[in-house]
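Novice: Sequence plus the predicted model coming up.
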Amino acid sequence: MLKKSKGLKSRLIELTKFEIKDLEGPSSEKVKRIIPKVFNTVRKAISTYKKEIKDLPEGVQSAPQEFWDEIMVQAKKLGIDLIGFAPIDEDFMFENDHVGGIDVLYENAIVLGMEMDYEAIDTAPEPPAGIESLNIYAELGEATNKLTAFIRSKGYRAIGCHPLGGPILYPAMAVKAGLGKIGRQGLLITKKFGPRQRLSVISVNISPLPEVVQEPVDIEQYCKKCKRCLNLCPVSAIYDEPIVKENGVVTRIDGEKCIEYFYKTMGCSVCIKECPFHKIGYKAQFYARL
Ligand code: SF4
Ligand code: SF4
């Protein structure tokens, strides 16, 4: 069955608003290489989607375990660090996917994550952190497109959703897939990388999904006490008390405040850098019990 948004609003990230004109030297050269790659991978995702919806399938396909095993191998080869599976939740779908123009998804999702470089993120809010963030949009975008093409080459129907923007709330989907929990700053926190990953989704017309046991992630107790991201956000964009909407969707950030600074600094990332799950790693959690 096709899934459609129930009206959740999205925030557009516009690559043209990044203040790259002020960059000089190697940073500028890097950005000049990365931005076209981000655009190309977005374009590829859009054109594949347009082909996909020309002839939408009736009914759902099923796949053997060997197919899912192949997906795991391919994902690893493509540099994907995290993979999980969950049904698409229409409450998490955006009314408008400004980036990819995707307005329908298939029943189920493969949720993907790619690590951002520790040292680069540790420079936030200086340009290397933002550049790494853009770099992973490009790298994960490319890997998502390739894995989507692989699934389609096996005769299954799939819609690849680019990590930049996308038609669905990726962190919420990642939680459903058992990859981690959401921190105060609204980011997915995983055991492996803390908040230091980008996410994407491939929606597939395949059911059932494989049963994968994910390790439990427990951050809530620590997060409640910590508040580092909240106190250190340069523009105080993180709410002390999240806003919970009727449909259960939670807003943790004042998007207007965050996005302005995000553009100015090429991707900010202070709330990633300052999170103990990035700095210390998952063992930070044990301090919660002290
Ligand atoms: S990205 Fe920067 S501005 Fe946005 S919430 Fe995080 S620390 Fe604040
Ligand atoms: S900085 Fe602290 S409060 Fe913020 S997400 Fe990380 S652990 Fe939670």
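Specialist: Perfect, thanks for sending it. Numbers count the residues shown, from 1 in each chain. Ligands and ions are numbered 1, 2, ... in the order given.
Novice: Show me what from the stretch 101-250 of the chain comes close to ligand 2.
Specialist: With the criterion set to CB under 6 Å from any ligand atom, the stretch 101-250 of the chain comes near ligand 2 through 183, 184, 185, 222, 223, 226, 227, 228, 229. All C-beta atoms are positioned from the backbone trio N, CA, C, and that covers glycine.
Novice: okay, now the first one: neighbour count?
Specialist: For residue 183, the number of neighbouring residues by other CB atoms under 10 Å comes to 25.
Novice: same check, this time on the third one
Specialist: As a burial measure, the neighbour count of residue 185 was computed by other CB under 10 Å and equals 24.
Novice: Same list, the residues of the stretch 101-250 of the chain next to ligand 2, but as a markdown table with pLDDT please.
Specialist: Below are these laid out as a markdown table (pLDDT from 0 to 100):
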| residue | pLDDT |
| --- | --- |
| 183 | 96 |
| 184 | 96 |
| 185 | 95 |
| 222 | 91 |
| 223 | 93 |
| 226 | 93 |
| 227 | 94 |
| 228 | 95 |
| 229 | 97 |
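Novice: Between which two of those residues is the distance greatest?
Specialist: Using CB to CB, the two most remote members of those are 185 and 222, lying 13.5 Å apart.
Novice: follow-up on the earlier one: contacting ligand 1 as well, which ones from the residues of the stretch 101-250 of the chain next to ligand 2?
Specialist: residue 185.
Novice: Buried ones among the residues of the stretch 101-250 of the chain next to ligand 2?
Specialist: In these, burial by neighbour count holds for 183, 184, 185, 222, 223, 226, 228, 229, counting by 16 or more other CB atoms under 10 Å.
Novice: how close does the most centrally placed residue in the chain get to residue 112?
Specialist: Centroid check for the chain by CA atoms, centre = their mean gives residue 199 as the closest residue, at 2.3 Å. For residue 199, the distance to residue 112 (CB to CB, to the nearest Å) stands at 7 Å.
Novice: what residues do these two have in common as contacts?
Specialist: residue 140 (CB atoms under 8 Å, 6 or more residues apart in numbering).
Novice: Start and end of stretch 116-134, how far apart?
Specialist: For stretch 116-134, the first-to-last residue distance is 10 Å (CA to CA, to the nearest Å).
Novice: Might one say that residue 89 is in contact with residue 177?
Specialist: No - the pair residue 89 / residue 177 is not scored as a contact, 10.8 Å apart, by CB atoms under 8 Å.
Novice: And the two? Which one has more around it.
Specialist: Neighbours per residue (other CB under 10 Å) separate residue 89 from residue 177, with residue 177 holding more: 25 against 18.
Novice: In the stretch 51-200 of the chain, mark out all the strands, start to finish.
Specialist: With DSSP state E, counting those that start in this stretch as the criterion, the stretch 51-200 of the chain has strands at 82-87, 108-115, 158-161, 181-182, 188-189, 197-204.
Novice: In terms of secondary structure, what does the last one contact?
Specialist: It refers to strand 197-204. Other helices and strands packing on strand 197-204, by 3 or more CB pairs under 8 Å, 6 or more residues apart in numbering; DSSP states H and E, are strand 108-115, helix 127-153, strand 158-161, helix 170-176.
Novice: which residues make contact with the last one from outside it?
Specialist: Among residues not part of helix 170-176, those counted as contacts by CB under 8 Å, 6+ apart are 82, 84, 86-89, 92, 109, 111, 113, 163, 180-182, 186-188, 199-201, 249.
Novice: tell me the contacts of the closest residue to residue 148 other than its chain neighbours?
Specialist: For residue 148, ignoring the flanking residues on the chain, the nearest one in space by CB to CB, 6 or more residues apart in numbering is residue 160 at 3.2 Å. Applying CB under 8 Å, 6+ apart, we find residue 160 in contact with 45, 48, 49, 144, 145, 147, 148, 200, 202.
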